[in-house]
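Quick one: sequence and predicted model below, then my questions.
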Amino acid sequence: MAPPNTRRTGFSKRAQYGTFFGYLAAMAGVLVGAAVLLFSILNKDAFTGVRGMASDVVAPAGMAVSAGREGVHDVGTTIYGWFTWGSTNARMKRELELARVRLIEARAIEEENGRLKALLAMRQDMTAKGLQPVTSARLINSTASSMRRFATISAGRDKGVVTGMPVRSPLGLIGRVLETGEHTARVLLITDPESVVPVRRANDGLAAFVQGHGDGTLLVRLISLGINPLKPGDVFVTSGSGGLYHPNTAVAAVMRVTRDGAVARVLSDPSTSEFVMVEPVFAVAAGMPQALVPVSDAALGTAPKTKAKPKPDQREATD
Amino acid sequence: MPLASAKPMQKINRAPSPLLARTVPPLAIILGSVLQTLPLIASAPILPPLGFLFLLAWRQLRPGLLPVWAGLPLGLVDDLFSGQPMGSAMLLWSLAMLFLEAIERRFPWRSYLMDWFVAAGVILGYLLLGSVVAHVGKHGPIATVLTPQLLLSVLVFPLAERFIATCDRFRLWRFRAIS
């Protein structure tokens, strides 16, 4: 039972004015909030600095929590593994034998590939320098209650992280850097509805886009429409077109085929990866920065804001 | 409401600290805003919007403690951490404060159940509008994503209120000796 309104102002002019201006301020708050919201929707790069500072402030707490997070995630797996270790062990032994052979074959193919490329005088895009990650960092936190999917990593401008750089874990692609703070950077996860990654099927190079779905899965959109050739279990890797993501980074595996594409599972679940690597922007690392779309000026580190800004939709589709 | 009376501590010659009494409510809400990002790296929105739940809880447990315009500054802090476009919480929290004020005008005597229903409605509106704001111009899979989060938020709300009630007791702790 709530108490009756004890905030009746009575005859005090001061109290009456106080209440009145309180309501006025609340209305003004609505208007200010709406204005800021409109501004930030129209201009996505606004407020980057403030948010960077804010995430810098809470970074130590995030670091402390993130160390324990992986342990907690492991509890279920450990208990489950205790019951299934026998069969798993046998299966893994078999797979290891196969994988060893495949690895040796792959090495041979890689060498042959290099020789053939040299024969064709093609540019070796994956020089040793290009493959070096910019830095490795801890995943500190993520927006767990908003529809947008951002995560924060514990490396920022001080480690040379700039906007556009792809972020990956050993298991696959996680996302790309969207905003940088001094010691932290905000990462757009590939499950975000606004993230679009150009991919190809790992075994035959079928080109497609992978788009976030907002609920932790990904949508695979084929470029050439027609009969849907996808099957559950197909693995997609980045194709490198657009110039942001390095080719052949694992992205997703198809779970369910739909009428004109598929719903896919993220291969590198960000919730189980504590450490991630920040890689240089592919086009820059490969020595052809002119291949990048003009938006990613910031990714080159030069950031001359002379060109007109493209529409947000265009930007998302091109990278 | 005799809030501090249950505590077995010395009350004579003691007074609550005005600093604590003023700063605990906003600090608790800011704590909720920061906390909702921390404990797990989620690939889908699953956690309840803790900052907003705490705001509702303060508003319903202690009407009049937070000023009507409190949604603006506290929403600003929430926007910094939540990942929503800047201004979304500033707008929606201000609207929620005004809405609750109107409810209080309309129904001065409310049962706890009604308070909970009102909170559930406000949370529903907040999550819906928040997802609309986050996806301007796009159609997302709203129902499948929002339903679990909404259910969790509504069920967690009494616990959030319990936590805020503890904070409130701490806020009015009489530990300042009057000399």
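The structure has been received and is ready for your questions. Numbers count the residues shown, from 1 in each chain, chains lettered A, B, ... in the order given.

need the contact list for residue 171.
Picking chain A for this. A:250, A:267-269, A:273 (Cβ atoms under 8 Å, 6 or more residues apart in numbering or on different chains). (Each C-beta comes from the backbone N, C-alpha and C, glycine too.)

nope, chain B
Counted by Cβ under 8 Å, 6+ apart, B:R171 has contacts B:16, B:20-21, B:24-25.

Spatially, which residue comes closest to it, not counting chain neighbours?
B:V24 (4.1 Å; Cβ to Cβ, 6 or more residues apart in numbering or on different chains).

Return the distance of A:G233 relative to A:L225.
22 Å (Cβ to Cβ, to the nearest Å).

Now for A:A46: which residues touch it?
A:39-40, B:86.

Can you verify the residue nearest to B:R171 is assigned to a helix?
Yes - according to DSSP: H, G, I helix; E, B strand; the rest coil, B:V24 belongs to a helix.

my guess is it meets B:A165, correct?
No - B:V24 is beyond contact range of B:A165, at 12.0 Å (criterion: Cβ atoms under 8 Å).

out of the two, which sits in the more crowded spot?
B:V24 (20 against 15; other Cβ atoms under 10 Å in any protein chain shown).

Mind listing the strands the helix or strand in which A:V177 is found pairs with, and their directions?
Using DSSP states H and E, A:V177 sits in strand A:172-180. Sheet pairing here is set by DSSP bridges, and for strand A:172-180 it gives strand A:166-169 (antiparallel), strand A:185-189 (antiparallel).

Could I get the average pLDDT for it?
In this model, strand A:172-180 has an average pLDDT of 88.

Pull the number of nearby residues for B:P16.
15.

Surely it is in contact with B:R169?
No - judged on Cβ under 8 Å, B:P16 makes no contact with B:R169 at a distance of 10.5 Å.

Could I get the contacting residues of the spatially closest residue to B:A96 that is not a sequence neighbour?
Distance criterion Cβ to Cβ, 6+ apart; nearest residue to B:A96, sequence neighbours excluded, is B:V122 at 5.4 Å. Counting by Cβ under 8 Å, 6+ apart, B:V122 touches B:56, B:96, B:99-100.

farthest-separated two in those residues?
Spanning the widest gap among the contacts of B:V122 are B:L56 and B:F99, at 10.6 Å by Cβ to Cβ.

what about the two, which has more around it?
B:L56 (28 against 14).

Next, give phi and psi for A:P229.
phi -90, psi 10 (degrees, to the nearest 10).

Can you give the distance from the strand or helix carrying A:P60 to the centre of its chain?
Secondary structure assignment for A:P60, by DSSP H and E: helix A:48-119. In terms of Cα atoms, centre = their mean, to the nearest Å, the centre of helix A:48-119 is found 16 Å from the chain centre.

same question, stretch B:154-165
From the chain centre to the centre of stretch B:154-165 is a distance of 9 Å (Cα atoms, centre = their mean).

next one: stretch B:125-138
On Cα atoms, centre = their mean, the centre of stretch B:125-138 falls 19 Å from the chain's centre.

helix or strand right after the helix or strand harbouring B:L151?
Per DSSP H and E, B:L151 falls inside helix B:142-171. Heading C-terminal from helix B:142-171, the first helix or strand you meet, by DSSP H and E, is strand B:176-177.

So what are the sheet partners of that next one and their directions?
With DSSP bridges as the test, strand B:176-177 pairs up with strand B:14-15 (antiparallel).

List the contacts of the strand it pairs with.
Contacts of strand B:14-15 (Cβ under 8 Å, 6+ apart): B:174-178.

I'd like those as a markdown table, with pLDDT appended.
Listed next are these as a markdown table, based on pLDDT from 0 to 100:
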| residue | pLDDT |
| --- | --- |
| B:R174 | 82 |
| B:F175 | 78 |
| B:R176 | 77 |
| B:A177 | 76 |
| B:I178 | 77 |
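
Of the residues you listed, which pair is most distant in space?
B:F175 and B:I178 (11.1 Å).

and A:G287, how many residues sit next to it?
The burial count for A:G287: 14, using other Cβ under 10 Å.

Locate it within the secondary structure: which element?
Judged by DSSP H and E, A:G287 forms part of no helix or strand.

same thing with A:A137?
Counting by DSSP H and E, the element that carries A:A137 is strand A:135-142.

Nearest residue to A:A35 in space, ignoring adjacent ones along the chain?
Per Cβ to Cβ, 6+ apart, closest to A:A35 is B:G87, 7.3 Å.

was I right about that neighbour contacting A:G33?
Yes - B:G87 lies in contact with A:G33 (Cβ under 8 Å); the separation is 5.2 Å.

Need the residues touching each of these two.
Here B:G87 and A:G33 have no joint contacts, going by Cβ under 8 Å, 6+ apart.

where's B:V118, which helix or strand?
helix B:112-134.

Report the mean confidence score over that helix.
So the average pLDDT for helix B:112-134 ends up being 91.

With only the CA atoms kept, save it in PDB.
What follows is helix B:112-134, C-alpha atoms only, in PDB (Å, rounded to 0.1, in the frame of the first residue of the first chain):
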ATOM      1  CA  TYR B 112       2.100  -4.100  -4.300                       C
ATOM      2  CA  LEU B 113       0.600  -6.200  -7.100                       C
ATOM      3  CA  MET B 114      -0.400  -3.100  -8.900                       C
ATOM      4  CA  ASP B 115       3.000  -1.600  -8.500                       C
ATOM      5  CA  TRP B 116       4.500  -4.700 -10.000                       C
ATOM      6  CA  PHE B 117       2.100  -4.600 -12.900                       C
ATOM      7  CA  VAL B 118       2.800  -1.000 -13.600                       C
ATOM      8  CA  ALA B 119       6.500  -1.700 -13.400                       C
ATOM      9  CA  ALA B 120       6.000  -4.600 -15.800                       C
ATOM     10  CA  GLY B 121       4.200  -2.400 -18.300                       C
ATOM     11  CA  VAL B 122       6.900   0.300 -18.100                       C
ATOM     12  CA  ILE B 123       9.600  -2.300 -18.600                       C
ATOM     13  CA  LEU B 124       7.700  -3.700 -21.600                       C
ATOM     14  CA  GLY B 125       7.400  -0.200 -23.100                       C
ATOM     15  CA  TYR B 126      11.100   0.600 -22.300                       C
ATOM     16  CA  LEU B 127      12.400  -2.600 -24.000                       C
ATOM     17  CA  LEU B 128      10.100  -2.200 -27.000                       C
ATOM     18  CA  LEU B 129      11.000   1.400 -27.600                       C
ATOM     19  CA  GLY B 130      14.600   0.800 -26.900                       C
ATOM     20  CA  SER B 131      14.800  -1.900 -29.600                       C
ATOM     21  CA  VAL B 132      12.900   0.300 -32.000                       C
ATOM     22  CA  VAL B 133      15.400   3.100 -31.300                       C
ATOM     23  CA  ALA B 134      18.400   0.700 -31.800                       C
END
